[in-house]
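Colleague: I would like the atomic coordinates for the input below:
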Amino acid sequence: MTVTSVPHDKKVELRSAARSTLSVLRAHPFFCDLEPEALDQLCRYAKHSTLKRGATIFSKGDPGNSLFAVISGTVKISISSADGRSAILNLIGAGEPFGEIAVLDGQVRTADAIANTSCEILAIDRRDFLPFVASHPALSMKIIELLCTRLRWTSDQVEQVILQNLPGRLAGALIRLTEKYKLAPAGRTIAITQQEISEMVGMTRESINKQLRVWAARNWVRLEHGAIVVLDTAPLLALAEAGSAGEGD
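Modeller: Here you go, the predicted structure:
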């Protein structure tokens with residue numbers, strides 16, 4: 001029998017990846033209350049991947065074989081129509097799980113998941129995750145809380161698209177993104193392009209750009225390459241709550 005040894009550099013790389021995975025799981029609100037032995041077990045299940053921007057993680061209709069969590073970067077959850085139009089349902093940042101719906105109900109994926117930036121993710125196979133949850137009932141409440149949060153996010157998004165005009169929709173989206181990522185008052189930089197936010201609020205990029213430039217002139221926002229910096233949340237919050245101001249407001 002021939003025994004193939006693992007190169008030293010590869011061993012170091014594997015140990016480093018294992019420590020990184022354990023660190024991520026330990027800090028994750030889903031898993032932070034688990035006993036060390038349970039965390040070690042979960043760490044053995046988790047598979048680490050590095051993806052380039054634009055890489056497809058899964059597509060709508062795929063089987064829900066894995067639960068994912070973002071280590072770094074951003075993952076876009078979106079749907080597309082036959083004529084090429086897209087709608088962004090959510091942007092998943094570092095520390096957030098995704099893909100939980102199909103994993104829990106055993107049905108197919110309801111949307112596409114694409115690396116919105118270069119990112120690192122963890123994947124846990126459904127065959128490992130479901131028995132693990134069954135043996136750690138406290139995780140069930142964490143998952144219910146996550147599903148409720150996602151449902152509220154989607155409900156807010158649908159409400160704004162259906163009932164609000166462009167200023168209200170755009171202001172609401174910016175406010176929700178600052179709250180989602182708990183951005184500090186001095187650093188409300190949202191890493192999102194104007195095309196992406198147009199797909200989130202259901203308006204053209206040209207309309208988004210026009211409205212943002214009006215707000216930039218008023219020092220409510222600052223436009224940067226691939227990002228929007230929120231400088232003053234008060235008028236945006238007022239627009240989001242009113243939802244009935246004119247297009248130029």
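Colleague: what are the buried residues along stretch 204-212?
Modeller: 208, 211, 212 (16 or more other CB atoms under 10 Å). (C-beta placed from N, C-alpha, C; glycine too.)
Colleague: mean confidence for the helix or strand where the last one lies?
Modeller: Secondary structure assigned from DSSP states H and E places residue 212 in helix 205-217. Averaged across helix 205-217, pLDDT comes to 95.
Colleague: what about the strands in the chain?
Modeller: 47-51, 56-58, 66-72, 75-80, 86-92, 97-98, 112-115, 119-125, 189-190, 221-224, 227-230 (DSSP state E).
Colleague: report the rounded mean pLDDT for the last one.
Modeller: It refers to strand 227-230. Mean predicted lDDT for strand 227-230 stands at 91.
Colleague: now that strand: buried residues?
Modeller: 228, 230.
Colleague: do the same with the second one
Modeller: Within strand 56-58, the residues that count as buried by 16+ other CB under 10 Å are 57, 58.
Colleague: list the neighbouring strands of it plus their orientation.
Modeller: Strand 56-58 has its sheet partners listed here by DSSP bridges as strand 112-115 (antiparallel).
Colleague: the third one now?
Modeller: In the sheet containing strand 66-72, the strands it pairs with under DSSP bridges are strand 97-98 (antiparallel), strand 119-125 (antiparallel).
Colleague: report the angle between the longest helix seen in the chain and strand 66-72.
Modeller: Looking across the chain with DSSP state H, the single longest helix is helix 138-163. Helix 138-163 runs at 80 degrees relative to strand 66-72, counting by axes from the mean of the first three to the mean of the last three CA atoms, to 10 degrees.
Colleague: circling back: to residue 156, which of the strands of the chain lies closest?
Modeller: Of all the strands of the chain, strand 86-92 sits nearest to residue 156, with 11.4 Å by CB to CB.
Colleague: what helices and strands are in contact with the closest one?
Modeller: If you count contacts as 3 or more CB pairs under 8 Å, 6 or more residues apart in numbering; DSSP states H and E, strand 86-92 packs onto strand 75-80, helix 138-163, helix 194-201.
Colleague: and the contacts of it?
Modeller: Identification of contacts with strand 86-92 by CB atoms under 8 Å, 6 or more residues apart in numbering yields 70, 74-80, 98, 111, 113, 116, 150, 153-154, 157, 177, 192, 196, 199-200, 202.
Colleague: could you flag which of the residues you listed are buried?
Modeller: Using 16+ other CB under 10 Å, the buried ones in the contacts of strand 86-92 are 70, 74-78, 98, 111, 113, 116, 150, 157, 177, 192, 196, 199-200, 202.
Colleague: report the residue ranges of every domain in the chain.
Modeller: When the chain is parsed with the TED database, its domains come out as 13-160, 164-243.
Colleague: right, I'll leave it there.
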